[in-house]
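Q: Dropping the sequence and predicted coords here.
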Amino acid sequence: MSSVRVLVGTHKGAFILSSDGKRKNWTVSEPLFAGWEIYHMKGSPVDPNRIYASQTSGWFGQIIQRSSDGGKTWETPGGEKMPAPGEFPSGASNKFVYDTSAESGKPLTTHQWYDGTQHPWEFKRVWHVEPSLNDPDTVFAGVEDAALFRSTDGAHSWHELSGLRGHGTGPKWSPGAGGMGLHSILLDGKDPQRMYIAISAAGAFRTDDGGKTWKPINKGLKSNYIPDPEAEVGHCVHHIALHPSRPNTVFMQKHWDVMRTDNAGDQWREVSGNLPTDFGFVIDVHAHEPETIYVVPIKSDSQHFPIDGTLQVYRSRSGGNEWEALTKGLPRRDCYVNVLRDAMAVDSLDSCGVYFGTTGGQVYCSPDAGDTWQPIAENLPAVFSVEVQTLR
């Protein structure tokens, strides 16, 4: 019988939630990497036992963790020992070194700081890990300050795909309120050379040659909070998502506005429609219905909680514009949590399950594509990310 494994990254560790295909009864693991921020963890689609996790600390730095048995045991890929209290991480698997100019040896570029001056790139943490669609040892990492890295040896070593930062617009990138992070990585299952990424606050970008060259794909975006609302770069994209069967169609939750493109990002159009607010962080697509998408509207860009204290997921079955509120089983009052950009996922069972986590430590599951919801964990630390593995 099929089963489901939900990978949850939180402010104080990681948790694995497990259930059979009915998704009624759940077990919650003990905390993994307790006390550490787990920005993201995700399993390989080729080998579901291979899971990568980004473990980070403002004091001790960045560690990449890897499991080869579905999360039962973990190792740092280079074989380094875990740091003892007071020690810092060591080893190549924790080293993310930005490329320099081949001609001068100097930094490849600078980026714009909050005050408009130019600022050097400084590595802070890994926001997102994205395993390859066809090789469990190949994995991509989106980092802060924004850059894309790739490992082809199971996360033992990392190398920057520096064509992204070096294509010319880097000096115009700037951090959003939460930093300048590369948070979304979408791989095209039909074209292995194509990839989409998104950066807060720079925008969305695409490569068609495996990461050698990149171009901004922000035409049609409008952001009234930047000097040129229709600039080539500078847009605060919160998340992007696609359905594997239609890789030219990408959906976006921007700082304001829900958007879609049907030509691989060459042109975007707004599909916010009748949403009560078009601000939010997450967006995802139904596993079997490419035109069914989900968002969680959040009040304003400063308060960051549900409107009227009512937690609601909104679903569109028409690819946007026409939205319905999904509330059965969710808190109807006094709920003031947020749902962060990587904290929604779907499973691929026949009845598509939808999952999301909150900054209040709740994880919700809908086994019927959003019609009804149930909490499957209620007292976790603030949830940063949610990913789902469908095990058959």
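A: Looks like it came in fine. Residues are numbered from 1 along each chain as shown.
Q: Provide a list of residue ranges in the protein with pLDDT below threshold.
A: 79-93 (pLDDT under 70).
Q: OK, contacts around residue 28?
A: Going by Cβ atoms under 8 Å, 6 or more residues apart in numbering, residue 28 touches 15, 16, 17, 376, 377. Where C-beta positions appear, they are placed from N, C-alpha and C, glycine not excepted.
Q: Using JSON lines, lay out the residues you listed together with neighbour count, secondary structure and distance to residue 279.
A: Converted to JSON lines, these look like this (neighbours: other Cβ atoms under 10 Å; DSSP: H, G, I helix; E, B strand; the rest coil; distance: Cβ to Cβ, whole Å):
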{"residue": "15", "neighbour count": "23", "secondary structure": "strand", "distance to residue 279": "28"}
{"residue": "16", "neighbour count": "20", "secondary structure": "strand", "distance to residue 279": "31"}
{"residue": "17", "neighbour count": "22", "secondary structure": "strand", "distance to residue 279": "28"}
{"residue": "376", "neighbour count": "23", "secondary structure": "strand", "distance to residue 279": "26"}
{"residue": "377", "neighbour count": "19", "secondary structure": "strand", "distance to residue 279": "26"}
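Q: Out of the residues you listed, flag the one nearest to residue 125.
A: Nearest to residue 125 out of these is residue 15 (Cβ to Cβ; 19.5 Å).
Q: Bridge partners for that closest one, pull those for me.
A: residue 8 (DSSP bridges).
Q: measure it to residue 376 for me?
A: Going from residue 15 to residue 376 by Cβ to Cβ, to the nearest Å gives 11 Å.
Q: Could you do residue 231 as well?
A: Using Cβ to Cβ, residue 231 is found at 42 Å from residue 376.
Q: what's the answer for residue 259, then?
A: The gap separating residue 259 from residue 376 is 30 Å, by Cβ to Cβ.
Q: Over to residue 329?
A: 11 Å.
Q: Which neighbours do these two have in common?
A: With Cβ under 8 Å, 6+ apart, residue 329 and residue 376 have common neighbours residue 364.
Q: burial count for the closest residue in space to residue 328 that isn't next to it in sequence?
A: Of all residues not flanking residue 328 in the chain, residue 372 sits nearest, at 4.7 Å (Cβ to Cβ, 6 or more residues apart in numbering). Neighbours of residue 372 under the rule other Cβ atoms under 10 Å: 14.
Q: Start the count at 44 instead of 1 going forward.
A: Sure thing, new numbering starts at 44, so read that last one as residue 415.
Q: Residue 415 reaches residue 372, doesn't it?
A: Yes. Counting by Cβ atoms under 8 Å, residue 415 touches residue 372, with 5.2 Å between them.
Q: gap between residue 375 and residue 353?
A: According to Cβ to Cβ, residue 375 and residue 353 sit 6 Å apart.
Q: for residue 412, same thing?
A: As judged by Cβ to Cβ, residue 412 and residue 353 stand 21 Å apart.
Q: In terms of neighbours, single out the busier of those two.
A: residue 412 (20 against 15).
Q: mind listing what the residue nearest to the more buried one when sequence neighbours are not counted touches?
A: Once flanking residues are discounted, residue 412 sits nearest to residue 395: 4.8 Å by Cβ to Cβ, 6+ apart. For residue 395, the contacting residues are 329, 330, 331, 332, 389, 412, by Cβ under 8 Å, 6+ apart.
Q: And for residue 222?
A: Residue 222 neighbours (Cβ under 8 Å, 6+ apart): 167, 187, 188, 243.
Q: The last one against residue 283, yeah?
A: Right, residue 243. No. At 11.3 Å, residue 243 does not count as touching residue 283 under the criterion of Cβ under 8 Å.
Q: Comparing those two, which residue is more hemmed in?
A: Higher neighbour count among residue 243 and residue 283: residue 243, with 29 against 24, using other Cβ under 10 Å.
Q: On the strand side of things, show who that one bridges to.
A: Using DSSP bridges, the beta-bridge partners of residue 243 come out as residue 224.
Q: distance of it from residue 234?
A: Using Cβ to Cβ, one obtains 26 Å as the distance from residue 243 to residue 234.
Q: Tell me who's in contact with the residue nearest to the spatial centre of the chain.
A: Among the residues of the chain, the one closest to the centroid is residue 385, at 3.8 Å (Cα atoms, centre = their mean). Neighbour list for residue 385: 52, 82, 83, 170, 171, 226, 282, 325, 427, 428, 429 [criterion: Cβ under 8 Å, 6+ apart].
Q: where does the second one fall, helix, sheet strand or coil?
A: Look at residue 82: counting by DSSP: H, G, I helix; E, B strand; the rest coil, its state is strand.
Q: Please point out which parts of stretch 294-313 sit buried.
A: The neighbour-count check on stretch 294-313 (16 or more other Cβ atoms under 10 Å) flags 294-304, 307-308, 311, 313 as buried.
Q: now, the most widely separated pair of those?
A: Spanning the widest gap among these are 299 and 307, at 23.0 Å by Cβ to Cβ.
Q: returning to that earlier point: save the contacts of residue 395 as a markdown table, and put in secondary structure too.
A: Below are those laid out as a markdown table (three-state DSSP):
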| residue | secondary structure |
| --- | --- |
| 329 | coil |
| 330 | coil |
| 331 | coil |
| 332 | coil |
| 389 | strand |
| 412 | coil |
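Q: Select from the residues you listed the one having the most neighbours.
A: Greatest neighbour count in the contacts of residue 395, by other Cβ under 10 Å, goes to residue 389: 24 neighbours.
Q: Which residues are in contact with it?
A: 327, 328, 329, 330, 395, 396, 397, 398, 431.
Q: Phi, psi for the nearest residue to residue 254 once chain neighbours are set aside please.
A: Nearest residue to residue 254 in three dimensions, chain neighbours excluded: residue 204, at 3.9 Å (Cβ to Cβ, 6+ apart). Backbone geometry at residue 204, expressed as degrees, to the nearest 10, gives phi -90, psi 80.
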